[in-house]
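[1] sequence unknown, structure follows:
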């Protein structure tokens, strides 16, 4: 079993050092118990949960997410199939000057119903 270890850096490591340390200790114990037990099902489930908790904290750290962030689920507009477009208004109200947000490959970013927007600040 491979232990999840990418949480060694980031603000959550600084923010929750005891919790992260306890999760990593528990993870190491579970790995050892799994080796000794030959892969007992309950231990596999417990390790998966610990791995998932560490991945969630890592995800939050990498994306600077906090529990105070506002999450908006994009609503269904009942207009058939459509996609949302994300625009930069370039600090003007005239839409002809707006530019569409592009991903790192130069393609427009599209969102659909159910996707979420996370606002870390307003």
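    All right, it came through fine. None of these values were measured; they are calculated from a predicted model.
[2] okay, buried residues for stretch 45-52 please.
    For stretch 45-52, burial by neighbour count (16 or more other C-beta atoms under 10 Å) applies to 46-47, 50-51. Bear in mind the C-beta positions are built from the backbone N, C-alpha and C, glycine included.
[3] how's the chain carved up into domains?
    Per automatic domain parsing, the domain ranges recorded for the chain read 6-62, 70-119.
[4] looking at those domains, which is buried most?
    Across the domains of the chain, the average number of neighbours (mean count of other C-beta atoms under 10 Å) peaks for domain 6-62, which reaches a mean of 14.
[5] check which helix or strand the residue found closest to residue 50 once you drop the neighbours it is linked to in the chain maps to.
    In space, and not counting its chain neighbours, residue 50 is closest to residue 27: 4.8 Å by C-beta to C-beta, 6 or more residues apart in numbering. Secondary structure from DSSP states H and E places residue 27 in helix 17-37.
[6] who are the packing partners of that helix?
    Helices and strands touching helix 17-37, as assessed by 3 or more C-beta pairs under 8 Å, 6 or more residues apart in numbering; DSSP states H and E, comprise helix 41-62.
[7] how about a cut-off of 10 Å?
    Taking 3 or more C-beta pairs under 10 Å, 6 or more residues apart in numbering; DSSP states H and E as contact, the helices and strands that helix 17-37 lies on are helix 11-15, helix 41-62.
[8] picking that back up, dump the domains of the chain to a markdown table, plus mean pLDDT.
    Written out in a markdown table, the entries for those read as follows (pLDDT from 0 to 100):
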| stretch | mean pLDDT |
| --- | --- |
| domain 6-62 | 84 |
| domain 70-119 | 91 |
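[9] gap between the residue nearest to residue 50 and residue 36?
    Between residue 27 and residue 36 the computed distance is 15 Å (C-beta to C-beta, to the nearest Å).
[10] and residue 82, by the same measure?
    In terms of C-beta to C-beta, residue 82 sits 55 Å off from residue 36.
[11] likewise residue 116?
    Applying C-beta to C-beta to residue 116 and residue 36 gives a distance of 42 Å.
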